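**Student:** make a model of this:
(chains A and B)
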Number of protein chains: 2
Amino acid sequence: MTTPIQQNLESKNVEYAAAFTKGHLALPPAKKYLIVTCMDARIDPAAAYGIDLGDAHVIRNAGGNALDALRSIVISQQLLGTREIILIKHTGCGMLTFTNEEAHALTEQTIGEQVRDELAALGDFQAFPDLEEAVRRDIELLKSRALVLKDIPISGWVYEVETGKVRRVV
Amino acid sequence: MTTPIQQNLESKNVEYAAAFTKGHLALPPAKKYLIVTCMDARIDPAAAYGIDLGDAHVIRNAGGNALDALRSIVISQQLLGTREIILIKHTGCGMLTFTNEEAHALTEQTIGEQVRDELAALGDFQAFPDLEEAVRRDIELLKSRALVLKDIPISGWVYEVETGKVRRVV
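**Tutor:** As a prediction, the model looks like this:
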């Protein structure tokens, strides 16, 4: 069975592949940097953050969370040579709209008690009540980890989903 | 101090924001699906997978790893109403080029013994030796978790960085 979403992927990809000319790009990011940002549907990192194909690793998760991104960051730095980190959270983020306790309770209520162990293993959902404070805390977390390379630029930003603008926080 | 990469972000974003007309989009993804794919610099999910702004959550990490994406998937489904999962790994992935043991050893060698505890806490780097097998295993993992909604479409794909084409695996 093929869903409409799978059909969309297949048909749009046929167009993309027909015009594709970038099959020669190397594995390591050409501009040697990585971006951590949110999975939010309203963000198109390539367009909004000016990333050309092949230039940067793009890590995305709920909230643009640094801790969640740590495995990927270490791989990016140690195996693929990136030497700068840009972390961008955004206005109107879903992570501003609930607490960890509410999300766990809702999940258990919706699915049932059988998720309790998996929820405990998954841990904190990493919601945050204050956007700019969350950016600053994630940058501090990255700088405090021995696993993250020292003496490289690490900056924190906010993207405004209402205007398409980025602004630097730290 | 502003690095060339930060300057690029700022100047390209000024152009993006000047032409931006999508400030009205709602928080929940309009097409109610999520994509899990790799952070690889050669992938532009919006263009290659046909995602219009506002349509889908896009989760990206090293390898397009389902386990790493689990927190984000649960938030996407429970808090923001997505009801289909598309997982796409790709040819030429960095995760095919090393083993977990090699990556841990390299990281400790490069940074020093002080990373040992953090590496242990981070756990397996989730490298994989076989691409299509890795897609199948991640789909099985998602289907086996109580936390992931049942009776929704979950499909697994491969993106070819050499041709720009996607093909379905499972």
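**Student:** most centrally placed residue in chain A?
**Tutor:** Against the mean C-alpha coordinate of chain A, by Cα atoms, centre = their mean, the closest residue is A:R60 at 2.0 Å.
**Student:** could you pull out the helices in chain A for me?
**Tutor:** With helices called from DSSP state H, chain A shows them at A:4-18, A:45-48, A:70-80, A:100-111, A:116-122, A:131-144.
**Student:** thinking again about what came up before, the residue nearest to the centre of chain A: what's it in contact with?
**Tutor:** With contact taken as Cβ atoms under 8 Å, 6 or more residues apart in numbering or on different chains, A:R60 is in contact with A:V36, A:T37, A:C38, A:M39, A:P45, B:M39, B:V58, B:I59, B:R60, B:N61. The way it works is simple: take the backbone N, C-alpha and C, and place the C-beta from them, glycine included.
**Student:** go with 10 Å
**Tutor:** Shown in contact with A:R60 (Cβ atoms under 10 Å, 6 or more residues apart in numbering or on different chains): A:35-40, A:43, A:45, A:68-69, A:72, B:35-37, B:39, B:45, B:57-61, B:69, B:72.
**Student:** coming back round to it: so which of the helices of chain A is the most surrounded?
**Tutor:** Mean neighbour count (mean count of other Cβ atoms under 10 Å in any protein chain shown) peaks for helix A:70-80 among the helices of chain A, with a mean of 23.
**Student:** hmm, back to that, sort out for me which of the contacts of A:R60 are in strands.
**Tutor:** A:I35, A:V36, A:T37, A:C38, B:I35, B:V36, B:T37, B:H57, B:V58, B:I59, B:R60, B:N61 (DSSP state E).
**Student:** show me what contacts the first one?
**Tutor:** Applying Cβ under 10 Å, 6+ apart to A:I35 gives the contacts A:29, A:45-46, A:49, A:51, A:55-60, A:64, A:69, A:82, A:84-88, A:157, B:5, B:9, B:39, B:60.
**Student:** buried residues, stretch A:141-155. List them.
**Tutor:** A:L142, A:R145, A:A146, A:L147, A:V148, A:L149, A:I154, A:S155 (16 or more other Cβ atoms under 10 Å in any protein chain shown).
**Student:** can you pull up the bridge partners for the last one?
**Tutor:** When bridges are assigned using DSSP bridges, the partners listed for A:S155 are A:I86.
**Student:** OK, contacts around it?
**Tutor:** A:84-88, A:135, A:139, A:168-170, B:1-3, B:5-6, B:9.
**Student:** ok, it to A:R42 distance?
**Tutor:** 22 Å (Cβ to Cβ, to the nearest Å).
**Student:** over to the second one?
**Tutor:** Per Cβ to Cβ, A:R145 is found 29 Å from A:R42.
**Student:** before we move on, the earlier item: is it possible to get a markdown table of the buried residues of stretch A:141-155 that adds pLDDT?
**Tutor:** Formatted as a markdown table, the buried residues of stretch A:141-155 follow (pLDDT from 0 to 100):
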| residue | pLDDT |
| --- | --- |
| A:L142 | 98 |
| A:R145 | 97 |
| A:A146 | 97 |
| A:L147 | 97 |
| A:V148 | 98 |
| A:L149 | 97 |
| A:I154 | 98 |
| A:S155 | 98 |
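**Student:** please identify which of these is nearest to B:T163.
**Tutor:** A:L149 (33.8 Å; Cβ to Cβ).
**Student:** ok, that closest one - contacts?
**Tutor:** A:I73, A:V74, A:Q77, A:Q78, A:T82, A:R83, A:E84, A:I85, A:L142, B:T110, B:I111.
**Student:** go with 8 Å
**Tutor:** A:Q77, A:R83, B:I111.
**Student:** also A:T2?
**Tutor:** Contacts of A:T2 (Cβ under 8 Å, 6+ apart): A:E10.
**Student:** swap in 10 Å and give it another go.
**Tutor:** Contacts of A:T2 by Cβ under 10 Å, 6+ apart are A:L9, A:E10, B:P153, B:S155, B:R168.
**Student:** what about A:V135, distance to B:F125?
**Tutor:** Separation of A:V135 from B:F125 (Cβ to Cβ) stands at 27 Å.
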